[in-house]
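Q: got a sequence here, can you model it:
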Amino acid sequence: MAPTSPVSGYSSAAQIRLRSMLRAIRNSNVSVFYQTTDMNYTWVENLPEFWLLPWRTGISESDLMPKDIAARLTTAKNQLLTTGDAQRLEISFPDKKNPRWYEFFIDSDKDESGETIGIVTTAVEISELKHREQVLKILLREVSHRSKNLLAIIQSIAMQTARFSGSVDQFLQKFRGRLYSLSNSQDLVTDSNWHGAAFRELLHSQLEKYIHPKDPRLTITGKDVYLFPGAALHVGLAFHELIVNSASYGALACENGSLTISAELEPDGEGEMDLIIHWKETSPAAENDLSGRPPDILATENHMHDEVSDLKVKSYETSRFGSAVLLRIVPQAVSGTACYRIEDKSVEYYLRIPHRNFDF
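A: This is a model prediction of the structure:
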């Protein structure tokens, strides 16, 4: 408390009340200053430690505050004395680590006749509020950026789906499925505060409509890595295309089919580890030819490498969006490579994802 107390000069009951109010102020982030009309301080309560000290009665604005801040406060107080209108301003004070923000409320103290006899300044620290505002601005910019990316993905899906759909009904059926897949992946990313999604959780979110996790036809092995947001969205789309085709024509369409999905780490030759996602389904009950397969799969079969291990992607003349997702869109989005192999009774898909897209 300042050496000159605002409590003195009051009756006993008034002093008790005022002392209680001052005690409450000391337990808060509020500071109260009192000045005469000639701008000299007579008392101050709850003065922050980082302000210029020591305190003394009669101290001026420039003695208590840094010069630039003192000039702003003096201007505001002169405005109060001239117009009678209360003033409000926010000021940042330099500190050792981060600036300290205060909101100042400047009002006049008047006697019974209404004449101004002093200036009462209340300073409320709002540093935490300013920090939250800054964090919120950063988050909003990030949300805006990610929303634009998501809308670009949706636009691409819509355009490509429309391009390869024979009717409006066919377009709506395929587009809804792909949009639902994207929304599932987006939910996982959002729930993680935009950190990404775990591989198995992402996979199960895409499989749940088509097969139970404990179905004997399904085997999931390998590392449960954490995919970063962009990789999670695109890998989710790849899984959707593979799952829909499998449920319509492959292992998930017959009782004795089998589907194995693995995620393994493999050295990239430069001291880092890449993620290799391997999808393998077998359909013993399928016909010996691929006539039952959808055109988007057939379009890729003659373009695949004989050796799966090299995992390279060429510029395919693919005619369907599903193939474009698996062989071009997803690999490019993660700066990786992919390989898609179809044989008489089996389908294999490999996706190599560089280390910068995941954590483990």
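
Q: can you give me the strands in the stretch 51-200 of the chain?
A: For the stretch 51-200 of the chain, the strands defined by DSSP state E, counting those that start in this stretch occupy 87-93, 100-110, 116-125, 197-198.

Q: tell me the most buried of these?
A: Highest mean neighbour count of those: strand 197-198, a mean of 22 (counted as mean count of other Cβ atoms under 10 Å). From N, CA and C alone the C-beta is placed, and that goes for glycine too.

Q: follow-up on the earlier one: let me have the strands of the stretch 51-200 of the chain in JSON lines, adding distance to residue 77 and mean pLDDT as columns.
A: Shown next, in JSON lines, are the strands of the stretch 51-200 of the chain (distance: least, Cβ to Cβ, whole Å; pLDDT from 0 to 100):
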{"stretch": "strand 87-93", "distance to residue 77": "7", "mean pLDDT": "93"}
{"stretch": "strand 100-110", "distance to residue 77": "6", "mean pLDDT": "94"}
{"stretch": "strand 116-125", "distance to residue 77": "6", "mean pLDDT": "94"}
{"stretch": "strand 197-198", "distance to residue 77": "56", "mean pLDDT": "96"}
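
Q: let's have those strands in a markdown table, adding distance to residue 44.
A: Below are the strands of the stretch 51-200 of the chain laid out as a markdown table (distance: least, Cβ to Cβ, whole Å):
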| stretch | distance to residue 44 |
| --- | --- |
| strand 87-93 | 15 |
| strand 100-110 | 13 |
| strand 116-125 | 9 |
| strand 197-198 | 54 |
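
Q: select the helix or strand of this structure having the lowest average pLDDT value.
A: The helix or strand of the chain with the poorest confidence is helix 295-301; it has a mean of 38 (mean pLDDT, DSSP states H and E).

Q: give the contact list for residue 259.
A: Shown in contact with residue 259 (Cβ atoms under 8 Å, 6 or more residues apart in numbering): 211, 217, 218, 219, 246, 251, 252, 279, 280, 281.

Q: tell me the contacts of the first one?
A: In this case it means residue 211. With Cβ under 8 Å, 6+ apart, residue 211 has these contacts: 217, 218, 247, 252, 259.

Q: just the buried ones among those, please.
A: 217, 218, 252, 259 (16 or more other Cβ atoms under 10 Å).

Q: return the subset of those residues lying in strands.
A: For the buried ones among the contacts of residue 211, the ones inside strands are 218, 259, with DSSP state E as the criterion.

Q: got any ranges where this protein has weak pLDDT?
A: Applying pLDDT under 70 to the chain picks out residues 1-11, 50-54, 285-320.

Q: any idea which helix is longest in it?
A: Taking DSSP state H as the criterion, the chain has its longest helix at helix 127-163.

Q: packing partners of that one?
A: Counting contacts by 3 or more Cβ pairs under 8 Å, 6 or more residues apart in numbering; DSSP states H and E, helix 127-163 packs against strand 100-110, helix 168-191, helix 229-249, helix 321-324.

Q: ok, residues contacting stretch 87-103?
A: Residues from elsewhere that reach stretch 87-103, judged by Cβ under 8 Å, 6+ apart: 31, 48, 50-51, 66, 69, 72-73, 76-77, 79-80, 104-107, 123-127, 129-131.
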